[in-house]
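Participant: 3D, please:
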Amino acid sequence: MREADAIRKKSDSQLQLIYSKIGPWEKTQVARHPLRPHFSQYCQGLISHYTPLSGDRKFGDDNALLGGLGKIRGRSVVVMGHEKGKDTQSRIQHNFGMANPEGYRKAVRLMELAERFSIPVLSFVDTAGAYPGRGAEERGQAEAIARSIDKGLSLKVPFLSVIAGEGGSGGAVAIATADSVMMLEHSIYSVISPEGCASILWRDGTKAKDAAKAMKITAPDLKDLGIIDTIIKEPIGGAHRDPAQMIKTVGDMAVKEIDRLSRMSPNVLIKARRAKFLEIGRSLLSN
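Facilitator: Just a heads-up that it's a prediction; the model follows:
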């Protein structure tokens, strides 16, 4: 038993050393790890009395962006998030977490329900970006994302967002214009994927590692830029090594933040939220 504990401690120490030195491109691989907890796992582990909401009342339902009503440790909440799936079949079913316009219109429906019942919104971001297919564009992808962003900025109830894996482009921002944006230690958040950036800048996707470094997509970089508010520490070796502990940690911090935001009036929330995102824009322009 003592020998097993010693081996485990040594392994943990080695992992801790390795992960303390990984760069933006390596963090991208960790953020995309297939065993990293996804929305369904967070929902199952944190949300009781969960009642899903389906459809956008315009075209249909979207399986890449899920959501509904429930309770987190006794507190009523509207919860939503991107779902990537865990194996080939479920990834295809959830379109690899890339939502169509119906997903973002569903997100607006959920936020409107939250306002109607005066309960907080909790979102989980984990997507490479909104689905760029022809059908999505024909049905108003950009307009749906814009309306979701606008609704988030004008929401009259507390809004908390967690960047749980990848936060890609407008598909991520659409459900992350929140009062408080938390980001897991090894998640990434960017306007475009490193591969996409490399293809545009250098016409060479193999330079994704260079792009990742230049884009400042990691939690510490984004915290310094004021784009996120809190970094959530992951288990040694990443969230995929201990999903249960990761989910518990996120729950602890989410409840604490929801309680803090719930003490603020709707007018104060909206004013502070809008000022926060305007300042992000000004800061990025000045840099």
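Participant: count the neighbours of Arg282 for me.
Facilitator: Neighbourhood size, Arg282 [other Cβ atoms under 10 Å]: 10. Just so you know, the C-beta spots here come from the backbone N, C-alpha and C atoms, and that holds for glycine as well.
Participant: mind checking which helix or strand it is in?
Facilitator: If you go by DSSP states H and E, Arg282 is part of helix 266-286.
Participant: report the buried residues of that helix.
Facilitator: By 16 or more other Cβ atoms under 10 Å, the buried positions in helix 266-286 come out as 269-270, 273, 276-277.
Participant: rounded mean pLDDT for it, please.
Facilitator: Summarised as a single mean, pLDDT over helix 266-286 is 88.
Participant: go on, stretch 122-140?
Facilitator: 95.
Participant: how long is it end to end?
Facilitator: Criterion Cα to Cα, to the nearest Å; first-to-last residue distance in stretch 122-140 is 25 Å.
Participant: which one of the buried residues of helix 266-286 sits closest to Gly74?
Facilitator: Among the buried residues of helix 266-286, Leu269 lies closest to Gly74 (Cβ to Cβ), at 21.6 Å.
Participant: dump the residue contacts of that closest one.
Facilitator: By Cβ atoms under 8 Å, 6 or more residues apart in numbering, the contact list for Leu269 reads 155-159, 179, 261.
Participant: ditto for Ile192
Facilitator: Contact partners of Ile192, counting by Cβ under 8 Å, 6+ apart, are 129, 168-169, 200, 215.
Participant: looks to me like it is in a helix.
Facilitator: No. Ile192 is assigned coil when assessed by DSSP: H, G, I helix; E, B strand; the rest coil, not a helix.
Participant: ramachandran coordinates for it?
Facilitator: The phi/psi pair for Ile192 (degrees, to the nearest 10) reads phi -160, psi 160.
Participant: same question, Ile236
Facilitator: Taking degrees, to the nearest 10, you get phi -60, psi 120 for the backbone angles of Ile236.
Participant: excluding its backbone neighbours, what's nearest Arg241?
Facilitator: Excluding the flanking residues, the one nearest Arg241 by Cβ to Cβ, 6 or more residues apart in numbering is Pro235, at 5.4 Å.
Participant: wait, Ile227 sits on Phe277?
Facilitator: No. If you go by Cβ atoms under 8 Å, Ile227 and Phe277 don't touch, sitting 9.5 Å apart.
Participant: next one: the helix or strand harbouring Met253 to chain centre, how far?
Facilitator: Assigning secondary structure by DSSP H and E places Met253 in helix 243-262. Taking Cα atoms, centre = their mean, to the nearest Å, one finds helix 243-262 lying 14 Å from the centre of the chain it belongs to.
Participant: what are the buried residues along that helix?
Facilitator: 243, 246-247, 249-251, 253-255, 257-258, 261.
Participant: in CSV: these, plus distance to Glu115 and pLDDT.
Facilitator: As requested, the buried residues of helix 243-262 are exported to CSV (distance: Cβ to Cβ, whole Å; pLDDT from 0 to 100):
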residue, distance to Glu115, pLDDT
Pro243, 32, 95
Met246, 30, 96
Ile247, 27, 97
Thr249, 29, 96
Val250, 24, 97
Gly251, 24, 96
Met253, 24, 96
Ala254, 20, 96
Val255, 21, 96
Glu257, 19, 96
Ile258, 16, 96
Leu261, 14, 96
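Participant: determine which two of those residues are furthest apart.
Facilitator: Pro243 and Leu261 (26.2 Å).
Participant: now the closest residue to Met264 other than its chain neighbours: how far from Arg260?
Facilitator: Excluding its sequence neighbours, the residue lying closest to Met264 (Cβ to Cβ, 6+ apart) is Pro158, at 7.2 Å. Note on Pro158: its distance to Arg260, by Cβ to Cβ, to the nearest Å, is 8 Å.
Participant: residue nearest the middle of this structure, spatially speaking?
Facilitator: Nearest to the geometric centre of the chain sits Val125, at 1.8 Å (Cα atoms, centre = their mean).
Participant: run me through the strand neighbours of the strand ranked longest in the chain, direction for each.
Facilitator: Secondary structure of the chain read by DSSP state E shows that its longest strand is strand 159-168. Neighbouring strands of strand 159-168 in its sheet, by DSSP bridges, are strand 121-127 (parallel), strand 180-184 (parallel), strand 188-190 (parallel).
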